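Chemist: One predicted model, sequence on top.
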Amino acid sequence: MTYSDKVKASQTIVNAINGLTDGQYIIVTYGTTYNNEPLRFKISCSIYRDGKPSYSIYKDEVFGLSGMNIESINKTTMDAYTYDMMNQRSSYRFALDKMKLVEQPFLPQSHDYKFEV
């Protein structure tokens, strides 16, 4: 697959992520389980006091505990990172052309927790 093909294949995901506003998310599939079932992930958007969107990606599970912060979204890749309890940074680069958008994008978040500083 050429670079321009990857850019075209990634455009749907990039547009969906850039279209998110505060409290919205999309569901994508990326990779498979041991049973060859697609893994579902939730990419959500939060906008804080500075007005810039901040994105994160989590497994689409009941508790959604395994997730990463999204550092950058490029034309064909998305870079994410997280820190463990020993302050060790882990990073991963998602290939956007391998992601598939699930039918129901832009759903509101299922909780209403507010964190005040």
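Modeler: Looks like it arrived, so ask away. Numbers count the residues shown, from 1 in each chain.

Chemist: all helices for this protein, in order.
Modeler: Listed in chain order, the helices found in the chain under DSSP state H are 3-18.

Chemist: residues making contact with stretch 8-16?
Modeler: The contact list for stretch 8-16, computed with Cβ atoms under 8 Å, 6 or more residues apart in numbering, reads Met1, Ile26, Val28, Ile73, Lys75, Thr76, Leu96, Asp97, Met99, Leu101, Pro105. Any C-beta I mention is one placed from the backbone N, CA and C, and that applies to glycine too.

Chemist: If you drop the residues flanking it in sequence, what lies closest to the third one?
Modeler: Excluding the flanking residues, the one nearest Val28 by Cβ to Cβ, 6 or more residues apart in numbering is Met99, at 4.6 Å.

Chemist: wait, that neighbour sits on Ile26?
Modeler: No - the criterion here is Cβ atoms under 8 Å, and Met99 misses it with Ile26 at 9.8 Å.

Chemist: if we can go back for a sec, of the contacts of stretch 8-16, which belong to strands?
Modeler: Applying DSSP state E to these, the entries found in strands are Ile26, Val28, Ile73, Leu101.

Chemist: Now pLDDT, neighbour count and distance to Asn15 too, for those, in JSON lines please.
Modeler: Shown next, in JSON lines, are those (pLDDT from 0 to 100; neighbours: other Cβ atoms under 10 Å; distance: Cβ to Cβ, whole Å):
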{"residue": "Ile26", "pLDDT": "92", "neighbour count": "21", "distance to Asn15": "10"}
{"residue": "Val28", "pLDDT": "94", "neighbour count": "25", "distance to Asn15": "13"}
{"residue": "Ile73", "pLDDT": "95", "neighbour count": "18", "distance to Asn15": "11"}
{"residue": "Leu101", "pLDDT": "92", "neighbour count": "16", "distance to Asn15": "9"}
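
Chemist: And the furthest pair within these?
Modeler: Ile73 and Leu101 (14.3 Å; Cβ to Cβ).

Chemist: Appreciated, that's everything.
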